[in-house]
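In: below: sequence and its predicted model.
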Amino acid sequence: MSFDRVLDAPGMFRICFVCTGNICRSPMAEAIFRELIRARGWEQHVSVHSAGTGEWHVGESSDPRTVASLRARGYDGGAHRARQFDVTWFESLDLIIAFDRTHERILKSWAPDDDARAKVHLLLSFDPDAGGALDVPDPYYSDAAMFDAVLGMIERSCLALFRQLEPGIRQGVVS
């Protein structure tokens with residue numbers, strides 16, 4: 001199924017995680033959130049995607065350290081291919097999750113109107129245990145241990161986000 005067809009599916013909740021190059025943080029969140037949706041059997045009701053603000057890695061796989069960190073925690077991130085966020089997606093997406101204030105600022109500057117800007121949120125803003133932190137650090141220039149630490153942050157925040165969205169999703173599934 002192509003990304004465009006999924007965005008046009010009626011009655012589907014559509015979320016996109018956006019980082020810089022779409023090879024580290026956003027693919028982690030996409031894999032985690034897809035697993036949360038799969039575990040509930042809600043694949044027909046929620047579409048989960050990721051993208052980057054830049055085009056440097058379009059078409060590439062996730063960073064090998066991303067794939068290794070995901071695999072070590074039981075997630076599958078091997079099929080991912082990086083893509084750049086397309087401003088035409090604002091209309092079709094319900095929620096756009098940024099990983100740091102730079103992504104948030106870029107996405108909001110690309111948004112065509114206030115309604116589109118209101119769809120953009122920082123991932124850590126959903127995690128009550130984030131201790132006031134706003135930015136998920138970019139592990140790209142670091143080591144495997146940093147990838148694991150960042151994955152832990154993303155996993156906790158995705159679970160917190162999922163718990164906030166779950167009642168609405170469940171209501172849409174039952175309706």
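Out: Now that the structure is in, tell me what you want to look at. Numbers count the residues shown, from 1 in each chain.
In: pLDDT below threshold where in the chain?
Out: Residue ranges of the chain with pLDDT under 70: 1-10, 173-175.
In: now the strands for it?
Out: 13-19, 46-52, 95-98, 120-122 (DSSP state E).
In: make CSV out of those strands and add mean neighbour count and distance to Arg40.
Out: Any C-beta I mention is one placed from the backbone N, CA and C, and that applies to glycine too. As requested, those are exported to CSV (neighbours: other C-beta atoms under 10 Å; distance: least, C-beta to C-beta, whole Å):
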stretch, mean neighbour count, distance to Arg40
strand 13-19, 25, 12
strand 46-52, 23, 9
strand 95-98, 25, 17
strand 120-122, 19, 21
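In: just how off-centre is the longest helix along the chain within its chain?
Out: If you go by DSSP state H, the chain has its longest helix at helix 144-174. In terms of C-alpha atoms, centre = their mean, to the nearest Å, the centre of helix 144-174 is found 9 Å from the chain centre.
In: list the buried ones in that helix?
Out: Buried residues in helix 144-174, counting neighbours by 16 or more other C-beta atoms under 10 Å, are found at 146-147, 150-151, 153-158, 160-162, 165, 169.
In: returning to what we had before: of all the strands of the chain, which one is nearest Pro27?
Out: Using C-beta to C-beta as the measure, strand 46-52 is the one of the strands of the chain that comes nearest Pro27, at 5.5 Å.
In: show me what that closest one is packed up against.
Out: helix 3-8, strand 13-19, helix 25-40 (3 or more C-beta pairs under 8 Å, 6 or more residues apart in numbering; DSSP states H and E).
In: perfect, I'm done here.
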